[in-house]
Structures are given as C-alpha cells and as structure tokens.
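Visitor: give me coordinates for this.
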Amino acid sequence: LLPDDRDKAKPVPWSQLRKMTKDERATLKKENQAKRMENKENSI
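Guide: Here you go, the predicted structure:
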C-alpha cells in the first residue's frame with residue numbers, strides 16, 4: 001500500500017468531520033460504502 005492509501009483506510013477523525021460540510025460527509029459515506037462493496041466482491 002502507498003502511504004496515502006493507508007491514510008484513506010483510516011477512519012476520519014471527528015475533529016475533521018466537524019469541519020466538513022454535509023455534502024463532504026455524504027461524499028465520504030458514499031466512498032466508504034463503495035469501498036466496502038469492492039471488498040465484499042473481492043473476498044468472494
């Protein structure tokens with residue numbers, strides 16, 4: 001893994017989430033869901 005990939009895998013700290021807008025948080029959620037779906041498909 002590249003260092004920035006490892007950073008993306010880490011949960012976002014609350015302090016950072018608090019600064020984000022609703023739209024940014026929604027985008028983050030969608031990205032995380034997409035990642036989870038990929039992981040499920042890869043594990044089969």
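
Visitor: quick one: low-confidence residue ranges for this protein.
Guide: Across the chain, residues meeting the criterion (pLDDT under 70) sit at 1-10, 44.

Visitor: let's see 80
Guide: Residues of the chain that meet the criterion pLDDT under 80 lie in 1-14, 17, 43-44.

Visitor: tell me how far stretch 19-36 is from the chain's mean position?
Guide: Offset of stretch 19-36 from its chain centre (Cα atoms, centre = their mean, to the nearest Å): 7 Å.

Visitor: state the distance from residue 20 to residue 28.
Guide: 7 Å (Cβ to Cβ, to the nearest Å). No exception for glycine: its C-beta is placed from N, CA and C like everyone else's.

Visitor: whoops, residue 41 was the one
Guide: If you measure residue 41 against residue 28 using Cβ to Cβ, the figure is 21 Å.

Visitor: the two: which has the busier surroundings?
Guide: A direct count of neighbours by other Cβ atoms under 10 Å for residue 41 and residue 28 places residue 28 higher, at 14 against 8.

Visitor: contacts only, for the more buried one.
Guide: Under the criterion of Cβ atoms under 8 Å, 6 or more residues apart in numbering, the neighbours of residue 28 are 12, 20.

Visitor: what sits up against stretch 29-44?
Guide: Looking at what lies outside stretch 29-44 - Cβ under 8 Å, 6+ apart - there are no contacts.

Visitor: max-length helix in this structure?
Guide: Of all the elements of type helix in the chain, the one with the most residues (DSSP state H) is helix 22-43.

Visitor: now that helix: buried residues?
Guide: The neighbour-count check on helix 22-43 (16 or more other Cβ atoms under 10 Å) flags nothing as buried.

Visitor: export that helix as CSV, just CAs?
Guide: Included here for helix 22-43 are C-alpha records, laid out as CSV according to Å, rounded to 0.1, in the frame of the first residue of the first chain:
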residue,chain,number,x,y,z
LYS,A,22,-22.9,17.9,4.9
ASP,A,23,-22.1,17.4,1.3
GLU,A,24,-18.5,16.4,2.0
ARG,A,25,-19.7,14.0,4.7
ALA,A,26,-22.2,12.5,2.3
THR,A,27,-19.4,12.0,-0.3
LEU,A,28,-17.2,10.4,2.3
LYS,A,29,-20.0,8.0,3.2
LYS,A,30,-20.6,7.0,-0.4
GLU,A,31,-16.9,6.4,-0.9
ASN,A,32,-16.7,4.2,2.2
GLN,A,33,-19.8,2.2,1.0
ALA,A,34,-18.3,1.7,-2.4
LYS,A,35,-15.0,0.5,-0.8
ARG,A,36,-17.0,-2.0,1.3
MET,A,37,-18.8,-3.3,-1.7
GLU,A,38,-15.5,-3.7,-3.5
ASN,A,39,-14.0,-5.6,-0.6
LYS,A,40,-17.0,-7.9,-0.4
GLU,A,41,-16.8,-8.7,-4.1
ASN,A,42,-13.0,-9.3,-3.8
SER,A,43,-13.4,-11.7,-0.9
